[in-house]
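Visitor: Predicted structure and sequence below. I'll ask about it afterward.
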Amino acid sequence: MGLDVEVLYRRYGDMVLGRCRTLLKNDAEAQDACQEVFLKVHRYRDRFRNEAKPSTYLFRVTTTVCLNRIRSRGRRREDLVDDPTPVPVVDSHLTQSDLRQLVRLLLDEADERTQACIVHHYVDGMTHKEIGALLGLSGAAIRKRISTFKKRLAANPPAWLGEVE
């Protein structure tokens, strides 16, 4: 039995759009990504195995769609010059340019699961246990992925990172 995408959209559409806005920092792109999420869910609705709650499944699909969009942004030079107006980040010491550079650094050198671990931990504030449950990994695996990322970042930090304190 597949998912009823229309019911999911009515129930979780705002959650998905909010997640897209948080990750993409751009309202228009977030709306496009939200549509993409529900199109993917519709396309693969018969593959849902009821092993997770629909909201958890949507959260995971949304994160993957947004990370893929951010990754492809870094590969298109015109986006670096002419980014659409970003949604402001509240209480951030980093500029939008710094945030984009950090996200590109993350995405360029990390596999998809590590990317998700980092975003869920640092952006969403989730615990290792919560991330593990969401991604189907152990808490130790999450800890190791985050630790490896932090070591790689410490060994080769962006120049501006030392200026932010």
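Guide: Looks like it arrived, so ask away.
Visitor: drop to CA atoms for contacts and neighbour counts, all remaining ones
Guide: Will do.
Visitor: So which elements touch the helix ranked longest in the chain?
Guide: Using DSSP state H to define each element, the chain has its longest helix at helix 54-75. Where contact means 3 or more C-alpha pairs under 8 Å, 6 or more residues apart in numbering; DSSP states H and E, helix 54-75 is packed against helix 5-24, helix 27-43, helix 77-81, helix 96-109, helix 112-118, helix 128-135.
Visitor: mind putting those in TSV, distance to Thr148 included?
Guide: Listed next are the helices and strands packed on helix 54-75 as TSV, based on distance: least, C-alpha to C-alpha, whole Å:
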stretch	distance to Thr148
helix 5-24	22
helix 27-43	29
helix 77-81	28
helix 96-109	11
helix 112-118	9
helix 128-135	14
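Visitor: Please identify which of those is closest to Ile146.
Guide: Among those, the nearest to Ile146 by C-alpha to C-alpha is helix 112-118 (6.3 Å).
Visitor: could you say what helices and strands the closest one packs with?
Guide: helix 54-75, helix 139-155.
Visitor: circling back to that earlier point, off-centre distance for the longest helix of the chain?
Guide: 5 Å (C-alpha atoms, centre = their mean, to the nearest Å).
Visitor: Likewise for stretch 124-134?
Guide: 13 Å.
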